[in-house]
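Trainee: Attaching a predicted model along with its sequence, questions to come.
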Amino acid sequence: MNKKIEFSYEGVDYTLEYDRKAIEIMEANGLELDSVRSKPASMVSILWQGAFLKNHKKEKPSKIQEIYDNMKNKSDLNTYLSEMVFETYAVLLGDDEEDDSKNIEWKMS
Amino acid sequence: MEDVLETEETKKVEHFFLTNEFNKCCPFYISIGMTYEQFWYGDPTMTKMYLEAYKIKEKRETEKMKWITWEQGLYVYEAICDVSPVLRAFSKATKPLPYPEKPYGLANDEMDKKIKEVEEERDMYRAQIFFQNWASNMKKKFRASRKEE
């Protein structure tokens, strides 16, 4: 199963996820994944709106923005949105289960 | 200090678009059984399962092909052996040895079938004997209890 974001807002259950068509639409609307760091405001806005395309296509942009403004942990949310997008590409390569015992392990300090 | 990350060369690098990658991969996934709708509108992780299934299928087909090729070699080898007495100089043989009437493996299948039939028959007799013994024991017990009464 793919990565999703699930929550309830004003009595409505939302499931945010991406399909490849949604990403195509997002890129047609200016999404550049390699510019997420240099232009975070506009890129995150497209990522967030695109997450509604699959299951909540008819939601108004003002409502989508309102929901975003009320979301907690925005930093983690933005990171997770990027991960959700990259997942759609990573699974195409199908090499995540290869033997990586020879690769170098690293940790954050 | 010169910025090593942003030089004239790196500025020329084109943006990486996922759509381009999806368009490249889509025909491959359609060729291994995925539909267009599944690829573009379905759960993105579905491709992982299709890829895994494709690898399993490929492996099985390769194994099958290896076996068929080996078997074909065996037939060729045997055909050469069968005909070789005729080809030998000063040989008195006028006819080659007959080629096998059936492909290899068929005889074994028939043998397996017969073994299975014999085993089934044996199991049936065993069951009959078991139930006959059980019935006669019950009769004995029943008679004994009547005599006691």
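Mentor: Good, I have the coordinates. Just so it is clear, the structure is predicted and the values come from calculations on it, not from any experiment.

Trainee: For the residue nearest the centre of chain B, identify the helix or strand it belongs to.
Mentor: Chain B has B:Arg60 as the residue nearest its centroid, 6.3 Å off, counting by C-alpha atoms, centre = their mean. Element membership of B:Arg60 [criterion: DSSP states H and E] is helix B:46-87.

Trainee: thinking again about what came up before, now for the residue nearest to the centre of chain B: which residues touch it?
Mentor: For B:Arg60, the contact set (C-beta atoms under 8 Å, 6 or more residues apart in numbering or on different chains) is empty. No exception for glycine: its C-beta is placed from N, CA and C like everyone else's.

Trainee: returning to what we had before: avg pLDDT for the following helix or strand past the helix holding B:Arg60?
Mentor: As assigned by DSSP H and E, the chain's next helix or strand after helix B:46-87 is helix B:106-148. Taken as a whole, helix B:106-148 has a mean pLDDT of 85.

Trainee: just stretch B:44-57 next, same as before
Mentor: Mean predicted lDDT for stretch B:44-57 stands at 93.

Trainee: again, but for stretch A:8-28
Mentor: 92.

Trainee: Residues contacting the lengthiest helix in chain A, please?
Mentor: The helix that spans the most residues within chain A, counting by DSSP state H, is helix A:74-93. Outside helix A:74-93, the residues within contact range by C-beta under 8 Å, 6+ apart are A:2-5, A:17-20, A:23, A:33, A:36, A:40, A:44, A:47-48, A:51, A:68, A:71, A:96, B:18, B:21-22, B:25, B:44-45, B:47-48.

Trainee: mind redoing it with 7 Å?
Mentor: With C-beta atoms under 7 Å, 6 or more residues apart in numbering or on different chains as the test, helix A:74-93 has contacts from A:2-3, A:5, A:17-18, A:20, A:23, A:33, A:36, A:44, A:47-48, A:51, A:71, A:96, B:18, B:21, B:25, B:44-45, B:47-48.

Trainee: Three-state assignment for the residue of chain A positioned farthest from its centre, please.
Mentor: Largest separation from the mean C-alpha position in chain A: A:Lys102, at 30.9 Å (C-alpha atoms, centre = their mean). Assigned by DSSP: H, G, I helix; E, B strand; the rest coil, the conformation of A:Lys102 is coil.
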